[in-house]
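[1] can't give you the sequence, but here's the structure:
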Ligand SMILES: NC(=O)C1=CN([C@@H]2O[C@H](COP(=O)(O)OP(=O)(O)OC[C@H]3O[C@@H](n4cnc5c(N)ncnc54)[C@H](O)[C@@H]3O)[C@@H](O)[C@H]2O)C=CC1
Ligand SMILES: O=C(O)[C@H]1O[C@H](OP(=O)(O)OP(=O)(O)OC[C@H]2O[C@@H](n3ccc(=O)[nH]c3=O)[C@H](O)[C@@H]2O)[C@H](O)[C@@H](O)[C@@H]1O
């Protein structure tokens, strides 16, 4: 199939590469030259395991192209996926301006097209957004009617950064939010080979499922962190306790998102919770559990901060800065928040993250750091050994990186472990786990 993908960020770039790998002809569209330039050169615009190889192969085969020209991309495709950002507004509500703009651009481009074009929203958006924002913008710009002159669908994306390619092939569930038969058939064809449960629902339901999914992850994390804090202070290893909880087959719960640790972050869980809370307030359907999930998350950052401050030492080494290992995504990283608080209080920081090394950063991320975190840029070290040797306390936020290096930390240097590193000296006096 000929597919255009609007938005070549974390979701768009992965979808583009995987669809091209599957044999589809894909064109990625993005106004940001930091996304298009690497794609044109056969390189990945983001750090994501396995993605560089897929993109190189797809571009070399001629099945993946990139452009900032929406009209040209629509002309050479029959189905478009919308993968633009849907960030929070300052009041926590959903910002749909990118969705509206891209819908206007696609609408203008399909106006003169003779072939039935399908438009599929993948961006996370609140129930009703496709009907109330996307469809009216497409109809106004195209002069066509949804379901008759063009196709429309909502296809929630469930990938997790750092395992995005694996998740593309094993998404847990596949949900088609459907309105017209042609678009549904096209989506079924694209997903035919994926052996996961497939559900056909209306668009509004599909939009809602995505929020339920992310809210569930967040609730599980805040629950397990809170249990961890309470149990560990009572002298209990909370990982052992929660592992046994998960072994109770009458409860039938998975261990995913249930091991106590640090706060959740990233570009989705916090902003999707905020959007859901803003919907609940607007509708007059209170959601105190969701609100508490966010406060509990904030409390976990406070807990880490207080543990560091109570040490009394001033040179703090932080291992890990992105919101989870194996990604360069710094959006809403709780480690960034922690580092900023310490920096604001005059602590001397040394930070290492294998994916956030200024010398190797891609254009998009270098710009993000310069624009949003210029004060942290100068604190980033190129190797972990410098952080270990130049700090009085080590704060571990990235398990993968610390696993190999934990033994290099002098036995007298305190370790504040936010993620429970394997092989750590949990029994030693200088080791402080956040909640186990
Ligand atoms: N990052 C993730 O792991 C996941 C994200 N999502 C959702 O997918 C959506 C996209 O997320 P990300 O990929 O993380 O965002 P992102 O910020 O990495 O990428 C969005 C891209 O859209 C581009 N864009 C903006 N306006 C455009 C236009 N008019 N035409 C073409 N491109 C345009 C931007 O330049 C940017 O490169 C969001 O709604 C998010 O909630 C869903 C599942 C997973
Ligand atoms: O809508 C989205 O954008 C995506 O949001 C999350 O994916 P992502 O944010 O990429 O990564 P996760 O692995 O879910 O991690 C989110 C946060 O939870 C934390 N986490 C994750 C897992 C866990 O067991 N414990 C835990 O604290 C991570 O450290 C991170 O801060 C969801 O897991 C995806 O299903 C969803 O598609």
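    Everything's here; your move. None of the values given here were measured: they were computed from a predicted structure. Ligands and ions are numbered 1, 2, ... in the order given.
[2] Let me see the mean pLDDT of stretch 375-391.
    In this model, stretch 375-391 has a mean pLDDT of 92.
[3] in that stretch, what counts as buried?
    Judged by neighbour count using 16 or more other CB atoms under 10 Å, the buried positions of stretch 375-391 are 376, 379-381, 384, 387-388, 391. For glycine as for every other residue, the C-beta is placed from the backbone atoms N, C-alpha and C.
[4] Which members of the residues you listed are the farthest-apart pair?
    The span of the buried residues of stretch 375-391, defined through CB to CB, is set by 376 and 388 at 18.8 Å.
[5] mind listing the helices for the stretch 151-300 of the chain?
    In the stretch 151-300 of the chain, the segments counted as helices under DSSP state H, counting those that start in this stretch are 164-169, 181-191, 203-233, 238-247, 269-283, 288-311.
[6] Am I right that residue 432 is in a strand?
    Yes - under DSSP: H, G, I helix; E, B strand; the rest coil, residue 432 sits within a strand.
[7] Make residue 1 into 7 and carry on from there
    Right, with 7 as the first residue, what we last looked at is residue 438.
[8] Off-centre distance for stretch 220-240?
    20 Å (CA atoms, centre = their mean, to the nearest Å).
[9] Can it be said to contact ligand 2?
    Yes - counting by CB under 6 Å from any ligand atom, ligand 2 has neighbours in stretch 220-240: 220, 223, 227.
[10] neighbour-wise, which of those leads?
    residue 227 (24 neighbours; other CB atoms under 10 Å).
[11] ok so, going back, with distance to ligand 1 and mean pLDDT added, can I get the helices of the stretch 157-306 of the chain in TSV?
    Formatted as TSV, the helices of the stretch 157-306 of the chain follow (distance: least, CB to the nearest ligand atom, whole Å; pLDDT from 0 to 100):
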stretch	distance to ligand 1	mean pLDDT
helix 170-175	7	96
helix 187-197	16	98
helix 209-239	7	98
helix 244-253	25	96
helix 275-289	7	98
helix 294-317	17	98
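[12] Reformat those into CSV and put distance to residue 20 next to each item.
    Below are those laid out as CSV (distance: least, CB to CB, whole Å):
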stretch, distance to residue 20
helix 170-175, 4
helix 187-197, 14
helix 209-239, 16
helix 244-253, 29
helix 275-289, 18
helix 294-317, 26
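[13] Check what pLDDT residue 411 gets.
    pLDDT recorded at residue 411 is 81.
[14] Just to check, it is in contact with residue 393?
    No - contact criterion CB atoms under 8 Å: residue 411 and residue 393 do not qualify, at 9.1 Å.
[15] Tell me where this structure has strands.
    Ranges of strands within the chain are 8-12, 31-35, 70-73, 85-88, 123-127, 156-160, 180-184, 204-208, 321-325, 354-358, 399-402, 421-423, 437-439, based on DSSP state E.
[16] how about those strands, which one is nearest ligand 2?
    For these, the distance to ligand 2 is smallest for strand 180-184, at 11.9 Å, taking CB to the nearest ligand atom.
[17] Now do the residue in the stretch 7-156 of the chain that ligand 2 sits nearest to: how many residues are near it, please.
    Closest residue of the stretch 7-156 of the chain to ligand 2, CB to the nearest ligand atom: residue 130 (5.5 Å). Residue 130 is flanked by 22 other residues according to other CB under 10 Å.
[18] for residue 79, same thing?
    Applying other CB under 10 Å, we find 25 residues neighbouring residue 79.
[19] Enumerate the residues of this structure near ligand 2.
    Close to ligand 2, as judged by CB under 6 Å from any ligand atom, the chain has residues 130, 163-167, 219-220, 223, 227, 262-263, 265, 267, 270-272, 274-275, 329-330.
[20] Would you mind checking these for buried ones?
    Neighbour-count burial (16+ other CB under 10 Å) applied to the residues of the chain next to ligand 2 gives 130, 163-165, 167, 219-220, 223, 227, 263, 265, 267, 270-272, 274-275, 329-330.
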